[in-house]
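> How does the following fold in three dimensions:
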Amino acid sequence: MVSHPSRRVVRGAFATTAAVVAAVLPTTPGNAQPSAADALTKYNELSQKAAQLNQDKLKAQVDLAAKQGELDRAKGDLATARKAAESQRDQVDLLTEVTYSGARFSQLSALLVSDSQQDFLNRMSAINILAADNAEALQRLTDAVTAADAATRTADEAREASGKLLAEIDQKSADLQKQLNEARTQYNSLSASTRNALKNAGDLSPIQAPPGTAGKALQFALEQRGDRYVHGANGPDEWDCSSLVQAAYRYANVSIGRTSYAQAKEGRAVSRGEVKAGDIIVYYSGQSHVAMAVDGVRAVHASTEGVPVKIADIDSIGPISVIRRISD
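A predicted model of the protein is given here:
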């Protein structure tokens with residue numbers, strides 16, 4: 001957890017990035033303002049695409065970790081199944097050896113060599129036991145080989161799925177980097193005043209979080225105001241939108257998913273009118289961005305590169321997809 005006590009001062013209203021920038025855009029005659037506004041709009045579009053690609057890449061990484069876990073379990077099951085098959089094969093081989101060494105008798109040979117009725121019954125009992133043992137051992141061997149074959153298929157499928165996910169991650173990483181380069185180029189084309197407005201951390205004044213789990217998570221998120229946004233970052237001084245929310249609830253001893261997609265399914269849904277401190281607000285139809293409610297009006301979020309973790313009006317961040325309450 002990183003605190004910035006020296007920055008806990010009011011540095012502006014809870015406005016959207018666009019509204020903040022509008023206040024510093026030139027109003028001189030000519031095409032200056034429309035050009036600057038267009039540049040900012042383009043930057044926001046590119047940044048949003050980059051954010052979605054970042055979440056896609058993170059999801060693929062989470063899926064890969066799960067598949068690797070399946071592969072590890074499948075390898076363990078395969079090793080166990082093969083060991084069981086070898087053990088049963090040894091048992092069958094032993095029974096076969098005993099049979100061919102003459103220790104196993106037919107009913108006729110038992111009758112011919114028996115000294116008495118009791119001796120005959122004893123020999124017949126031994127014959128039946130050997131037969132049952134052999135049949136049982138063969139069945140166990142068949143079952144063990146079948147299990148080993150199934151474990152082999154499972155391991156191969158998990159290995160193939162992991163390979164596909166690795167390739168997918170590589171592609172998404174390339175797509176993300178390309179998108180980031182475009183966004184950064186667009187960012188550098190913005191005027192100095194616009195970039196300074198984007199860098200403004202907004203309200204850094206002390207905010208009292210409510211008691212309880214949600215309040216503890218909110219306390220953590222608020223203490224990260226002013227930190228840098230970096231795609232794929234996990235703190236402690238750099239975040240993306242979903243890592244900030246995940247870390248906040250981890251600080252409150254609650255485990256939630258890493259991506260905005262996963263966080264859109266956590267807890268329970270609440271309506272816009274029910275929003276309270278600590279609620280998770282997921283934005284856009286693709287659910288590619290997430291913020292945490294400060295109250296019913298404001299939210300704290302890691303926005304995009306070039307913009308620090310800050311407070312904004314809930315409805316200004318973007319179109320809301322879903323609101324989730326992790327703790328009551």
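
> from here on, contacts and neighbour counts on C-alpha atoms
Will do.

> can you map out the strands along the protein?
Ranges of strands in the chain, per DSSP state E, are 228-229, 238-239, 268-269, 280-283, 289-293, 298-301, 310-313, 320-325.

> Let me know which of these is the nearest to residue 209.
strand 289-293 (10.8 Å; C-alpha to C-alpha).

> got the CA positions of the closest one in PDB?
Extracted as PDB, the C-alpha positions of strand 289-293 are listed here (Å, rounded to 0.1, in the frame of the first residue of the first chain):
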ATOM      1  CA  HIS A 289     -12.700  -1.100 -17.500                       C
ATOM      2  CA  VAL A 290     -13.500  -1.100 -13.800                       C
ATOM      3  CA  ALA A 291     -13.600   1.500 -11.000                       C
ATOM      4  CA  MET A 292     -14.500   1.500  -7.300                       C
ATOM      5  CA  ALA A 293     -17.300   3.600  -5.900                       C
END
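
> In contact with residue 217, which residues?
248, 249, 250, 251, 252, 278 (C-alpha atoms under 8 Å, 6 or more residues apart in numbering).

> before we move on, the earlier item: okay, the strands of the chain, which one's buried deepest?
Highest mean neighbour count of the strands of the chain: strand 289-293, a mean of 30 (counted as mean count of other C-alpha atoms under 10 Å).

> Counting by contacts, list what that strand packs against.
Using 3 or more C-alpha pairs under 8 Å, 6 or more residues apart in numbering; DSSP states H and E as the contact test, the elements touching strand 289-293 are helix 213-223, helix 241-251, strand 280-283, strand 298-301.

> please redo it, this time with the cut-off set to 6 Å
Contacts defined by 3 or more C-alpha pairs under 6 Å, 6 or more residues apart in numbering; DSSP states H and E place strand 289-293 against strand 280-283, strand 298-301.

> what's the spacing between residue 253 and residue 56?
26 Å (C-alpha to C-alpha, to the nearest Å).

> By mean pLDDT, which helix or strand of this structure comes out lowest?
helix 17-24 (a mean of 42; mean pLDDT, DSSP states H and E).

> got any ranges where the chain has weak pLDDT?
Residues of the chain meeting the criterion pLDDT under 70: 1-36, 78, 81-82, 84-85, 87-138, 140-141, 144-145.

> if you set the cut-off to 90 instead, what comes out?
Applying pLDDT under 90 to the chain flags residues 1-54, 56-177, 179-181, 183-184, 187-188, 305, 327-328.

> any chance you could map the helices in it?
17-24, 32-98, 107-113, 117-189, 192-199, 213-223, 241-251, 260-263 (DSSP state H).

> So for residue 253 and residue 56, which sits in the more crowded spot?
residue 56 (21 against 12; other C-alpha atoms under 10 Å).

> and the nearest residue to the more buried one once chain neighbours are set aside, how many residues sit next to it?
Nearest in space to residue 56, with sequence neighbours left out and distances taken as C-alpha to C-alpha, 6 or more residues apart in numbering, is residue 172 at 7.3 Å. For residue 172, the neighbour count with other C-alpha under 10 Å is 19.

> any idea how far residue 290 is from residue 172?
Distance from residue 172 to residue 290, by C-alpha to C-alpha: 20 Å.

> Contacts only, for the residue most central in space within the chain.
By C-alpha atoms, centre = their mean, the chain has its centre lying nearest to residue 62, at 3.7 Å. Contacts of residue 62 were listed using C-alpha atoms under 6 Å, 6 or more residues apart in numbering, and none were found.

> ok, now with 10 Å
Residue 62 sits next to 56, 68, 165, 257, 258, 259 when contact means C-alpha atoms under 10 Å, 6 or more residues apart in numbering.

> What of residue 51?
45, 57, 176, 179-180, 230-232, 240-241, 288-289, 303-305.

> Looking at the strands of the chain, which is nearest to residue 86?
strand 268-269 (50.5 Å).

> Give the pairing partners of the closest one; include direction for each.
strand 320-325 (antiparallel) (DSSP bridges).

> now the strand it pairs with, how far from the chain's geometric center?
Its chain's average C-alpha position is 18 Å from that of strand 320-325, according to C-alpha atoms, centre = their mean, to the nearest Å.

> and what of stretch 304-322?
22 Å.

> Need the distance between the two termini of it.
20 Å.

> Stretch 312-328 now?
End-to-end distance (C-alpha to C-alpha), stretch 312-328: 23 Å.

> Next: stretch 319-328.
Span of stretch 319-328 from end to end, C-alpha to C-alpha: 25 Å.

> Domains in the chain, by residue range?
5-25+199-325, 66-189 (automatic domain parsing).

> mind checking the end-to-end distance for the shortest one?
Read that as domain 66-189. 41 Å.

> nearest spatial neighbour of residue 189, skipping sequence neighbours?
residue 39 (7.5 Å).
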